[in-house]
Every structure is written in C-alpha cells, then in structure tokens.
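*Asks:* coordinates only, sequence not included:
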C-alpha cells in the first residue's frame, strides 16, 4: 500500500509540474519567479494529496493492516502482526481480516501514515471455513 501511495503521489506531482511548465511556456510575460511559484504550488498540492489520500481511499479488500493490542493478543502491535483485509471499511467501522488462515473481525482504529498500514483492533475471531 505504501508503494502504491508513493507512486500515485509522484504521478500527481509530475502531472501538476507538467501543467505548470506548459502554462509557463504558453503565457507571455511570465518570469522565473512565477515558475517557482507554480512549482511550489505543485509540490504543496502533492503533499496534501499524500496526507489526504488514505482517508479518502479508506481500507479496501486486500490491503495489509496492522493489528494493535487487544484482549486476545495484547502484544500484537509490538510483535508486528499484520493481516489481510477481506472487506472494505472506514474509520471506526468493522472489517473482516485473515490472520494466518483464521478469520477475525476488527475495528479500524486509524488509517495508515506515510510508512505504516491501517491499524485495527481485533474484536472477534473464528475458525476459517
């Protein structure tokens, strides 16, 4: 997920940068200061995209999620347990996940940061079918 997010952000930045260069090239009387402002705007919008995209996208089926401490597995977050989402979910919503061949339900506690997957808290576990 992190790699995909960085690739999408780079594509977004390159698209905005290209628009800035085209606008600079076709508009008469533009100086280098205006080009620098457009480049800064492109970079700023790309950073906003990088921070906002996970919240807009939410958790989707197939995403890797991190398991935070809960009653059945209190040290899960320290040991770095991850699971695969089997359903879509939003913040505070219920998501079905697969952990080592077993299925469980969890609550989405937070979306991923720049280098971390979404965090869920396991609330119910059952045997895989």
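*Replies:* Thanks, I have the structure now. Remember, predicted model here, so these are calculated numbers, not experimental data. Residues are numbered from 1 along each chain as shown.

*Asks:* For the nearest residue to residue 50 once chain neighbours are set aside, which three-state class applies?
*Replies:* Among residues not flanking residue 50 along the chain, residue 9 sits closest, at 4.6 Å (C-beta to C-beta, 6 or more residues apart in numbering). C-beta: built from backbone N, CA, C; applies to glycine. At residue 9 the chain is in helix, as set by DSSP: H, G, I helix; E, B strand; the rest coil.

*Asks:* What distance do you get for residue 9 to residue 118?
*Replies:* Using C-beta to C-beta, to the nearest Å, we find residue 9 at a distance of 17 Å from residue 118.

*Asks:* Who has more neighbours out of the two?
*Replies:* residue 118 (25 against 17; other C-beta atoms under 10 Å).

*Asks:* Which residue lies nearest the spatial centre of this protein?
*Replies:* For the chain, the residue nearest the mean C-alpha position is residue 54 (3.4 Å; C-alpha atoms, centre = their mean).

*Asks:* Could you find the closest non-adjacent residue to it?
*Replies:* Per C-beta to C-beta, 6+ apart, closest to residue 54 is residue 111, 4.3 Å.

*Asks:* who are the neighbours in contact with that neighbour?
*Replies:* Listed by C-beta atoms under 8 Å, 6 or more residues apart in numbering, the contact set of residue 111 reads 54-55, 58-59, 91, 118.

*Asks:* can we see that at 7 Å?
*Replies:* For residue 111, the contact set (C-beta atoms under 7 Å, 6 or more residues apart in numbering) comprises 54-55, 91, 118.

*Asks:* ok, so of those residues, who is nearest residue 4?
*Replies:* Nearest to residue 4 among those is residue 54, at 10.7 Å by C-beta to C-beta.

*Asks:* which secondary structure elements does the helix or strand containing residue 106 contact?
*Replies:* Secondary structure from DSSP states H and E places residue 106 in strand 102-110. The contact analysis (3 or more C-beta pairs under 7 Å, 6 or more residues apart in numbering; DSSP states H and E) places strand 102-110 against strand 94-99, strand 119-126.
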